[in-house]
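>>> Predicted structure and sequence below. I'll ask about it afterward.
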4 protein chains.
Amino acid sequence: MLRLSAHPSGRHFLQIPGPTNVPDRVLRAIDHATIDHRGPEFGELGKAVLAGMQKVMKTEGHVVIYPASGTGAWEAALVNALSDNDLVLMAETGHFATLWKNMAEHLGLRVEFLPGDWRRAADVEAIAARLRADRNREIKAVCVVHNETATGVTSDIQAVRDAIDRAGHPALLMVDTISSLGSIDYRHDEWGVDVTVAGSQKGLMLPPGLSFNAISAKALAASQKNTLRRSYWDWHAMIASNATGYFPYTPATNLLYGLHEALDMLFTEGLETVFERHKRHAEATRRAVRAWGLEILCADPERYSPSLTAVMMPEGHSADAFRKAVLEHFNMSLGQGLTKVKDKVFRIGHLGDINDLTVCGTLSGVEMGLQIAGVPHQTGGVQAALEYLTDVAEVRSRPLG
Amino acid sequence: MLRLSAHPSGRHFLQIPGPTNVPDRVLRAIDHATIDHRGPEFGELGKAVLAGMQKVMKTEGHVVIYPASGTGAWEAALVNALSDNDLVLMAETGHFATLWKNMAEHLGLRVEFLPGDWRRAADVEAIAARLRADRNREIKAVCVVHNETATGVTSDIQAVRDAIDRAGHPALLMVDTISSLGSIDYRHDEWGVDVTVAGSQKGLMLPPGLSFNAISAKALAASQKNTLRRSYWDWHAMIASNATGYFPYTPATNLLYGLHEALDMLFTEGLETVFERHKRHAEATRRAVRAWGLEILCADPERYSPSLTAVMMPEGHSADAFRKAVLEHFNMSLGQGLTKVKDKVFRIGHLGDINDLTVCGTLSGVEMGLQIAGVPHQTGGVQAALEYLTDVAEVRSRPLG
Amino acid sequence: MLRLSAHPSGRHFLQIPGPTNVPDRVLRAIDHATIDHRGPEFGELGKAVLAGMQKVMKTEGHVVIYPASGTGAWEAALVNALSDNDLVLMAETGHFATLWKNMAEHLGLRVEFLPGDWRRAADVEAIAARLRADRNREIKAVCVVHNETATGVTSDIQAVRDAIDRAGHPALLMVDTISSLGSIDYRHDEWGVDVTVAGSQKGLMLPPGLSFNAISAKALAASQKNTLRRSYWDWHAMIASNATGYFPYTPATNLLYGLHEALDMLFTEGLETVFERHKRHAEATRRAVRAWGLEILCADPERYSPSLTAVMMPEGHSADAFRKAVLEHFNMSLGQGLTKVKDKVFRIGHLGDINDLTVCGTLSGVEMGLQIAGVPHQTGGVQAALEYLTDVAEVRSRPLG
Amino acid sequence: MLRLSAHPSGRHFLQIPGPTNVPDRVLRAIDHATIDHRGPEFGELGKAVLAGMQKVMKTEGHVVIYPASGTGAWEAALVNALSDNDLVLMAETGHFATLWKNMAEHLGLRVEFLPGDWRRAADVEAIAARLRADRNREIKAVCVVHNETATGVTSDIQAVRDAIDRAGHPALLMVDTISSLGSIDYRHDEWGVDVTVAGSQKGLMLPPGLSFNAISAKALAASQKNTLRRSYWDWHAMIASNATGYFPYTPATNLLYGLHEALDMLFTEGLETVFERHKRHAEATRRAVRAWGLEILCADPERYSPSLTAVMMPEGHSADAFRKAVLEHFNMSLGQGLTKVKDKVFRIGHLGDINDLTVCGTLSGVEMGLQIAGVPHQTGGVQAALEYLTDVAEVRSRPLG
């Protein structure tokens, strides 16, 4: 293994909003001999992980798995379902929504980007209004990020679907769940999503290198007559091979071992329990932030993210200098502010394979780092989190009835 | 780890021509905690593996690393350097050359496919003739597979370059080295290749999930004015980020750990020693095949592949039935015949992290399998290999001078 | 990981008669976080491995597990069941029987050592005669090595038991199964053994560091009134703690993870299948040895070891020089001749997690090494093994009835 | 890997005072193929770890490594250096001192056990007085536990040595450093210790299964004429083999890989830095305990343990019920009170591979657990620890001069 530098003692706290801390069980699963991806064992593995992904994505439709990181699954969604020069309606929730928008433009689509202030969810009313105004049905897809990783704001996917339906508009609904899937409740079929985009390195607790599309029948039909060029990302070749558990080209076999193990962990804990856990850690984090007297970037409490919390720095203080101090003193990585909020916010990831004590350690590192970096704040954030977590634990332990 | 079925005793012999047997050191390197791909440690890792890949590809130009399998690097080569409707000259060396051709067509290129019988190298004279005839310089690229994984035939890349140069033709030269890089001598710069395509799961001894492009200045220039749509595969965003060891989107961090380790192994053994080793094991394999009285698919001894040997089945016998018998009885995976040679050939992979005794075990499994499956043959193949390997070992051990 | 030297390519062939090649599944199991050996999870682990060991040793009596290598279990057997100055009857089957004898003397026992020529099993008639002559019942224990690792000769434990019984002698029967357990059929209860000694690093497919005693009720009773001093090895403290799955002092937790996994592998394959496999590989090895024109150390075909074969070097040739050549040229470790047969024999281990192709690779290395080292021999040993293994595979694949 | 039960999310906090959290680097090192313990690579490994252990133990004398847990090294110290019926002076510092005393008696030694209240260090004056009174020089050894794992009290080894010297007494000094070595400064040579006893699973950050003796020339001389029976533990056979890096019987090879890696980590961090880190975490823990209004078992602030803190429960409250609540609610293992203090204290391990945030997570779990379990306390313990750790970090980060 690479020894990049003298490593500090103890386990690193990887509290960026992904990649997340990969559980030992998953790492160890990945660390098995690569098998023949055309042999009989592989077919069983392929079928198992495809079925598991359907369960996580809550769909009975097709799920495809790419040997690629999440950005690839964004591209796959666009190039399969859309045609050159198609108009797409996207919502500016933050940095990642913007990157997806840029990608769409690079790929030859026209994008209307509903502006946002990076502190609120996708504006459902604005989407509804725009769709109603689109008499010619020029808009071919509405693209929304479920959980904007740059801001810690979730958008209401069901409400977007309702808006599309109320407008009687045929546009496809495409949703990025890269930092929500496996951490926040998500329902591809029930919410009427056409293409869901996901990645391995967040709630799925894997290293980066796998990404996913869940595909509705309508999206699949659209993909049969689109004109955007594609080969690696082509759904049809994937789906044809997947029927028997195989892939049209060499899959990332060892990461699939990890996926199999991670799915087993999620289902053993229970998806609903996993979602509750993420909500609890998010609330504990927010109570700490408030106790410090700092402001949460997400301006709408209804849309707080269960998987990360972006925190605004007091005016005149550098978020990056703070993060650097935390890394050097306390061996913890926090997420940086990106583009529009660069150096102005830092992000605390509280998703994936974590528990109450990891969260407490994380918040302790933030509280101590604020002091070290000379950021004005009040102490007591960790204390507030402890009180909340204790209350929840007491409630859980109380006998029923 | 998945327990797909009752596993037979002992180590599986993965003797397909890739994915190859991943060394324990590489698997264990991959099995380390994922780090922040935007943190300071990552930059050092990124720079180290990029520099190492230049060394393996023998180039001082840019190398890009994709979180994708080899098929992705094929696509990257085409979409970066070419424009919609461009004409490309490709050589039908076998199944993989054909897949690359199909991909080019899907991506909107016109392809002229120089026919081949799957038993010989790319026809350099035919390429030369076609280029000379191309007065209008309509051909934008010549694409050749260095080592056709489906047939065990290598093509002479230097000769193709010479043919292009002699014709004074400006076409780019693109070469697939997926099953040669790290196993067979290859020189991106010296041979004047414009785009080299490579993957992780063969001579580089990694699991699948990483792929590579080496890019000449000319190819890079071409990519600045091409019109094929691209985003994930875009060289420019990659190269810009790579300058400091980072990537424009989330890289497959843990596979990069493995790459770092695998490069260290290759350089410690010495690339020239690695190539000699592959030649030795290929020759041992061919001697066994001849002793069995079977025919090698490659009809030109000058172009025998050092990394795999495809063997023709006697008329009326099923290669797939034979392979199945070998898998069931001897826990060894051999490569299947693909498309045109389906069920007619089997392929013995002798590349990656192997040694003399692994090759002997492999050939033993083939010889016993031929008997079990009722394939007409003479015994003595393993014996012939032993004699050859012994001779080579004796020469090596003889004192110099 | 230690990089002791430039490592040769490919997997090392560890064909000494133990430690054996540890399967990846077992190594990966060991590579899990250490747990609290007084916590609730540990108790389940402890009970599971104790029950599994009873099954492997074919006993319903107590089995104790020491954090120690096999030598410790030898000591445990002696110090628990015997008293200072007790007389013990031991059979000189080879180097390890001699070491056990030396240990007994160091520990203050008197030993009568029935002489042997290291080519034959323990002499049951001599044991019987000696016991009959022991009118005063001075002999307190008969100690026999089931499979003498230094010679590749097995002794007939059931026959020894019968001899003791026929003599009506109360001596305890103690048996070393270090290189037989998990490779050769062994039945602690049915054969009336009082103390069985075993280790982790042979047929149990673990790294060294665990060792075992199976204990009859009679041995346990004897241990209550013996006078040899003991603490670490004391059975009673162990058995008392083991009742709930715990240990009286810190156990080697991670090796116990490996034991749990290895037991699962053995039971999945089936103990009888495992024993058949070892017999097959031993026969294949012996056929090779005979074809080379070399002599097997074991002079009695009835007592050939299924787990290793010791081979005699032709007069005037050094076994150690031969082994050195094999290691340097072919990356394979063979067992050395020990004390009386130092440099005169080499030993081929064919036990643990191996299969037909590993055996073929092993024999190939021996055959090539004989040539390289200039040892007079005939070629054809590997060929003979191939023919035998093919025949067996054909029989296995034939439909029944 | 064993799935003993549905595993809770996130990493377990193993905050018992050993086994400690094994770093990934060490686990991965252990997870390498077992090598021939008589081959050339092994000799290099053996020499490297023996030299490293001398450095950790601060001795230029012999260190021996047993494939055994720490209890074995206790036995080794006694049986090598002492004779049957010898009189030994031991100090009752707590449970582990008592276990060692019991062992000495089982092994046939006479023990004088200087009484202690389990809250203070070994009484140097009492030792001195007893030695002075021993006119006949009947006492052959003084045995002291450097860091009593049951109580969190350290004893002053140098002062004990001085006491022996001042009395002009020839008794050997034997010291148990099982929970101090690698965490607390320890100097075998400088402090004139004759036999040091150590284990792998605490400050050395390994799983249990290795233990150690460092041996003075005087102890070695004594061992040549002692009469206690020994074989497995015999120093002389060990030292003779160790000269070339080998062992007289099969060593625990894979744990030695881990030891090599762990030593590299300790030396890279620097032993003095490691000791400072442990002191810091101990002080942070004690500040938390005081803030909770609980009492530290160690009654003498001069002798506080840097590696663990034992905390007294308020009268009428069960430490074990508290620990159970912590385990169930917060996935953290704490150490139990043993024998005399059973259910009356709990122990917080803060040794091995930990850092500030791990300590904060640990203390958070304790504070929340006190609340959940209804243990009377004040909040603010974590807060107090945060303040202390912040202060220390600020001092460290201040520019020098």
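Yep, that arrived.

>>> And the residue of the stretch 151-300 of chain A that's closest to chain D?
The nearest approach of the stretch 151-300 of chain A to chain D comes at A:T268, 5.3 Å away (CB to the nearest CB). Where C-beta positions appear, they are placed from N, C-alpha and C, glycine not excepted.

>>> Distance-wise, check that residue relative to chain C.
Counting by CB to the nearest CB, to the nearest Å, the gap from A:T268 to chain C is 15 Å.

>>> Can you spell out which helices and strands pack onto the one helix or strand that residue maps to?
Under the criterion of DSSP states H and E, A:T268 resides in helix A:253-269. For helix A:253-269, the elements it packs on are helix A:24-30, helix A:40-57, judged by 3 or more CB pairs under 8 Å, 6 or more residues apart in numbering or on different chains; DSSP states H and E.

>>> and stretch A:275-283, which residues are buried?
A:F275, A:R277, A:H278, A:K279, A:R280, A:H281, A:A282, A:E283 (16 or more other CB atoms under 10 Å in any protein chain shown).

>>> Report whether that stretch contacts chain D.
Yes. Stretch A:275-283 lies within reach of chain D by CB under 8 Å from any CB of the partner chain, at A:R277.

>>> Give me the pLDDT value at whichever residue of the stretch 201-350 of chain A sits closest to chain D.
Nearest residue of the stretch 201-350 of chain A to chain D (CB to the nearest CB) works out as A:H329 at 4.7 Å. Per-residue pLDDT puts A:H329 at 96.

>>> So for the lengthiest strand in chain A, mean pLDDT?
The residue-count maximum for a strand in chain A (DSSP state E) belongs to strand A:139-145. Across strand A:139-145, the average pLDDT comes to 98.

>>> Extract the C-alpha set from that strand and format it as PDB.
Output in PDB follows, covering the C-alpha atoms of strand A:139-145 (Å, rounded to 0.1, in the frame of the first residue of the first chain):
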ATOM      1  CA  ILE A 139     -39.300  20.200 -23.000                       C
ATOM      2  CA  LYS A 140     -38.300  16.600 -23.100                       C
ATOM      3  CA  ALA A 141     -37.100  16.100 -19.600                       C
ATOM      4  CA  VAL A 142     -37.100  17.600 -16.200                       C
ATOM      5  CA  CYS A 143     -33.900  16.900 -14.200                       C
ATOM      6  CA  VAL A 144     -33.700  17.400 -10.500                       C
ATOM      7  CA  VAL A 145     -31.000  16.500  -7.900                       C
END
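
>>> Tell me the secondary structure at A:R287.
Three-state assignment for A:R287 (DSSP: H, G, I helix; E, B strand; the rest coil): helix.

>>> Quick check, pLDDT for it.
A:R287 is assigned a predicted lDDT (pLDDT) of 98.

>>> Next one: it from chain C, what distance?
As judged by CB to the nearest CB, A:R287 and chain C stand 30 Å apart.

>>> Same question for A:S364.
22 Å.

>>> Which strand or helix spans that residue?
With DSSP H and E as the criterion, A:S364 is inside helix A:356-372.

>>> How far off centre is that helix?
Centroid separation for helix A:356-372 versus its chain: 23 Å, with CA atoms, centre = their mean, to the nearest Å.

>>> can I have it written out in CSV, keeping just the CAs?
Below are the C-alpha coordinates for helix A:356-372, written out as CSV (Å, rounded to 0.1, in the frame of the first residue of the first chain):
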residue,chain,number,x,y,z
ASP,A,356,-23.8,7.8,17.2
LEU,A,357,-20.2,7.8,18.4
THR,A,358,-18.7,8.5,15.0
VAL,A,359,-21.0,11.5,14.8
CYS,A,360,-20.0,12.6,18.2
GLY,A,361,-16.3,12.3,17.3
THR,A,362,-17.0,14.2,14.1
LEU,A,363,-18.8,17.1,15.9
SER,A,364,-16.0,17.1,18.5
GLY,A,365,-13.5,17.7,15.7
VAL,A,366,-15.6,20.5,14.3
GLU,A,367,-16.0,22.2,17.6
MET,A,368,-12.3,21.9,18.5
GLY,A,369,-11.4,23.0,14.9
LEU,A,370,-13.5,26.2,15.2
GLN,A,371,-11.6,27.1,18.3
ILE,A,372,-8.2,26.3,16.8
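
>>> Beyond it, next helix or strand please.
Counting by DSSP H and E, the element after helix A:356-372 in chain order, helix or strand, is helix A:381-397.

>>> Just the buried positions in that following helix, please.
Buried, per 16+ other CB under 10 Å, within helix A:381-397: A:G381, A:V382, A:Q383, A:A384, A:A385, A:L386, A:E387, A:Y388, A:L389, A:T390, A:V392, A:A393.

>>> For chain C, give me its nearest residue in the stretch 251-400 of chain A.
Closest point on the stretch 251-400 of chain A to chain C, by CB to the nearest CB, is A:Y257, at 10.9 Å.

>>> Find the residue closest to that residue in space, skipping its chain neighbours.
A:A29 (4.6 Å; CB to CB, 6 or more residues apart in numbering or on different chains).

>>> close enough to count as contact, the one you found and A:L263?
No. Contact criterion CB atoms under 8 Å: A:A29 and A:L263 do not qualify, at 10.7 Å.

>>> show me where chain A has helices.
Ranges of helices in chain A, per DSSP state H, are A:24-30, A:40-57, A:70-81, A:95-106, A:124-133, A:157-166, A:217-223, A:235-242, A:253-269, A:271-291, A:319-330, A:356-372, A:381-397.

>>> Could you say which one of those comes nearest to C:A141?
Closest of the helices of chain A to C:A141 is helix A:24-30, at 44.1 Å (criterion: CB to CB).

>>> average pLDDT for that closest one?
Average pLDDT, helix A:24-30: 95.

>>> No further queries at this time; thank you.
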